[in-house]
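# Can you look at this prediction? I've put the sequence above it.
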Amino acid sequence: MSKTFIMIKPDAVRNKHVGDIIARIEKEGFKILALKYTKLAETDAKEFYKVHKERPFYGELCKDMAAGPIVVAALERENAVLHWRDVIGATDPKEAKPNTIRALYAESKGANSVHGSDSDENAISEITFFFKGMELVN
Ligand code: IDP
Ligand code: MG
């Protein structure tokens, strides 16, 4: 078993896809270890996405991520990081495979509905970023 961190981004919350995406999480066999509805301050978005700070879209990305409420969760499953990346699809919804979350719900490459950790190591640090001091359910 391994863990991943996922976020339902402001565009998907605004477009009322929270229920669909949580249903998909359960259908894909993930166990929910922690779940929170919250909103990022722009400074927190900058910290969360700091690996992208040299990229041209960084400013817009951080503004968009702080533009409205989000849902964040820590999930557990066999091969959690890679399985969730498969379920969400390519960054650009135009390139995402049919029935992936981004193909179904994303508005654009920036407003692409969901986040998923890219490694086991980043999963742990992203879970800590949002759930520090909180015991994960087991
Ligand atoms: P990922 O979310 O598929 O892992 P990353 O390359 O890690 O993609 O980029 C982080 C986020 O930055 C993306 O999910 C998307 O919201 C945004 N982003 C990435 N590339 C672009 C772009 O070319 N234009 C606008 N936003 C982008
Ligand atoms: Mg990424």
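Good, I have the coordinates. Numbering: from 1, shown residues only. Ligands and ions are numbered 1, 2, ... in the order given.
# Quick one: name the residues of the chain near ligand 1.
Residues of the chain found near ligand 1 (C-beta under 6 Å from any ligand atom) are 52, 57, 61, 91, 109-110, 112, 115, 118. The C-beta positions use only the backbone N, C-alpha and C, and glycine is treated the same way.
# Report the buried members of those.
61, 110, 112, 115 (16 or more other C-beta atoms under 10 Å).
# residue contacts, Val18?
8, 12, 71 (C-beta atoms under 8 Å, 6 or more residues apart in numbering).
# cool, Asn79 as well?
Neighbours of Asn79 in contact, by C-beta under 8 Å, 6+ apart: Ser2.
# Need the pLDDT of it.
pLDDT, Asn79: 98.
# separation between it and Lys27?
Distance from Asn79 to Lys27, counting by C-beta to C-beta, to the nearest Å: 16 Å.
# Please enumerate the strands of the protein.
2-8, 31-38, 70-77, 114-116 (DSSP state E).
# Of these, give the one that comes closest to Leu136.
Within the strands of the chain, the stretch nearest Leu136 is strand 31-38; the backing value is 4.1 Å (C-beta to C-beta).
# about what we covered before: switch the residues of the chain next to ligand 1 over to TSV; also include pLDDT.
Converted to TSV, those look like this (pLDDT from 0 to 100):
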residue	pLDDT
His52	96
Phe57	97
Leu61	97
Thr91	98
Lys109	97
Gly110	96
Asn112	98
His115	98
Asp118	98
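# Out of the residues you listed, name the ones that lie in helices.
Leu61 (DSSP state H).
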